[in-house]
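Colleague: compute the structure for the input listed below.
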Amino acid sequence: MSRIGRSPIPLPKGVDLDVRRGHVTVKGPKGMLEVDISPRLTVSVENGEVLVQRPSDARSDRAQHGLARSLIANAVTGVHEGFSKNLEIQGVGYRCAMKG
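Modeller: The predicted model follows:
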């Protein structure tokens, strides 16, 4: 199995996940996100964790498995914590200042 695909996604409190064939809807305090995935994959919620399973070890199923798990995990993070960008400056000779 895919290392990424087989790891469960923890579902925080206040986040709801609705699964329909090929479509996952995630609702949380920061909004709602929808993710389309391959209809061959099975998504289930057990004990507060989301599991993504694939039907076979075919190359396309393996690729879709990890992709779907990553997309769902990002959607869960987005509706629970929100997204942010951080700028990290490394090196010598750069000057920056916070404004506003």
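Colleague: where does this protein dip in pLDDT?
Modeller: For the chain, residues meeting the criterion pLDDT under 70 lie at 1-2.
Colleague: does the residue at minimal distance from the centre of the chain sit in a helix, a strand or a coil?
Modeller: Note on the chain: the residue nearest the mean C-alpha position is residue 73, at 1.8 Å, using CA atoms, centre = their mean. Secondary structure, DSSP: H, G, I helix; E, B strand; the rest coil: residue 73 is helix.
Colleague: ok, the nearest residue to it once chain neighbours are set aside - contacts?
Modeller: Once flanking residues are discounted, residue 73 sits nearest to residue 9: 4.8 Å by CB to CB, 6 or more residues apart in numbering. In this view, the C-beta of every residue, glycine as well, is placed from N, C-alpha and C. Counting by CB atoms under 8 Å, 6 or more residues apart in numbering, residue 9 touches 49-52, 69, 72-73, 76.
Colleague: show me what residue 9 bridges to in the sheet.
Modeller: residue 50 (DSSP bridges).
Colleague: what number of residues lie near residue 22?
Modeller: 14 (other CB atoms under 10 Å).
Colleague: quick check, it in contact with residue 36.
Modeller: Yes - using CB atoms under 8 Å, residue 22 is in contact with residue 36, at 6.3 Å.
Colleague: how about the strands in the chain?
Modeller: 9-10, 16-20, 23-28, 31-36, 42-46, 49-53 (DSSP state E).
Colleague: noted, bye for now.
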